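Colleague: got a sequence here, can you model it:
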Amino acid sequence: MSNIPQGGLLMKNERQKTIIKMLNNETYFSVKTLSNIFKVSEMTIRRDIIELEEDNLVIKEHGGVKKKNKILTTSEKMNKNVPQKEYIGRVMNKIINKDDVIFVGAGTTFYHALKQIDFSYKAILTNSIISFNLLMENEHRNIYLTGGELFKQTGEFVGEHAEALLDAFNINKAFLATNGIDNRNITTSSPALARIQNKAITLAEQSFVLADYSKFDYSDTYTFNTLDNITALLTDNQLSTELINKYSQYTKLIR
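Modeller: All right, here's what the predicted structure looks like:
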C-alpha cells in the first residue's frame, strides 16, 4: 500500500485523492482504518466517502468504502477466456431438452457458448442484442428479444418492459452470466442488470449461472442472488480443486 501516507495531516482534496489511489490496490477500507491512517475523525472520513460517492468514484458500504469497478464494454470482454466459454457452451448444450423454453441472459460468455448449442429446444428468450443476432445468424428458431431500455455498455435490454416480457413466458431453464462469484454471492456491475437476472431466477423452473474459472473469488458492485437459490453453476475444466471444494458447499457445479 505505497499510497498510504506515513504521517501528517492532508487537506480534504489530497486526502480524497489518496483514498482513490489506495482503492486501486485494496478493494475495501473501513472508516476506522481510514481514520487511523489519516489521523482524522471517523465523521470526517464518512463525509469524504459521501462526497466521493456523489462524484461516482466509490461505493459507500456499511462501515467503510469500496472501489467502484469500471464496467467493461462488450468489445473489451469479447476475447477473454474464449476456450473456457466455448467449453461452458458444450456443458450448457447437454442440459437443454427439446421441450425447454429457455432464457439466455447477456454477456460475452454467451457469444461463445451459444455457438455450441444445437436446435433442441422449444423457444429462446433473451434480453441481449448480441445473443439474439448470433442466434439469428445461425438460423435458430423461435427466438424472442425482450426489448426495453438499452444498457449500451453491454448491449442488453433492462427495465420494466424487459422484465414484464419475462412474466409472459413459461421459462423452464434460465441461463445467466456473472461478473464475479464471491462465496455465496452472484454479482454484476449495475442494479438494472441485477434486477432482470434476479427476475429470471425467480420465474424459471431451473436456473444456471455460467462462470469460467476467472470469475470465482471475485465480487463486482451488486449482488443479484446467491448460489443456494440456483440449480447449478456451469463452469470450465480449469477450475482448481480448492475452488471446486469451496463452491460445491453452496450449489452443484457442472463441468
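Colleague: now do the helices in the stretch 151-255 of the chain.
Modeller: Applying DSSP state H, counting those that start in this stretch to the stretch 151-255 of the chain gives helices spanning 160-167, 191-203, 241-247.
Colleague: make JSON lines out of these and add mean pLDDT, mean neighbour count and distance to T231.
Modeller: C-beta here means a position set from N, CA and C on the backbone, and glycine is covered the same way. Output for the helices of the stretch 151-255 of the chain, formatted as JSON lines (pLDDT from 0 to 100; neighbours: other C-beta atoms under 10 Å; distance: least, C-beta to C-beta, whole Å):
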{"stretch": "helix 160-167", "mean pLDDT": "95", "mean neighbour count": "15", "distance to T231": "17"}
{"stretch": "helix 191-203", "mean pLDDT": "95", "mean neighbour count": "20", "distance to T231": "9"}
{"stretch": "helix 241-247", "mean pLDDT": "93", "mean neighbour count": "13", "distance to T231": "14"}
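Colleague: so which of those gets nearest A177?
Modeller: Nearest to A177 among the helices of the stretch 151-255 of the chain is helix 191-203 (8.2 Å), distances taken as C-beta to C-beta.
Colleague: hang on, the earlier thing: nearest to N79, of the helices of the stretch 151-255 of the chain?
Modeller: Closest approach to N79 among these is made by helix 191-203 (21.3 Å; C-beta to C-beta).
Colleague: helices or strands up against that closest one?
Modeller: Helix 191-203 sits against strand 149-151, strand 156-158, helix 160-167, strand 173-177, strand 222-226, with contacts defined as 3 or more C-beta pairs under 8 Å, 6 or more residues apart in numbering; DSSP states H and E.
Colleague: may I see these organised as CSV, with distance to G89 added?
Modeller: CSV is the format used below for the helices and strands packed on helix 191-203 (distance: least, C-beta to C-beta, whole Å):
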stretch, distance to G89
strand 149-151, 23
strand 156-158, 18
helix 160-167, 22
strand 173-177, 10
strand 222-226, 22
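Colleague: where in this protein is pLDDT low?
Modeller: 1-9, 69-77 (pLDDT under 70).
Colleague: could you list the domains of it?
Modeller: Structural domains of the chain, as assigned by automatic domain parsing, span the residue ranges 12-67, 74-254.
Colleague: any idea which of those is most buried?
Modeller: For those, the stretch with the most neighbours on average is domain 74-254, a mean of 18; neighbours defined as mean count of other C-beta atoms under 10 Å.
Colleague: how far is it from where the chain is centred?
Modeller: Centroid displacement of domain 74-254 relative to its chain, using C-alpha atoms, centre = their mean, to the nearest Å, is 10 Å.
Colleague: can we start the residue count at 33 from this point?
Modeller: Yep, numbering from 33; the last one is domain 106-286 now.
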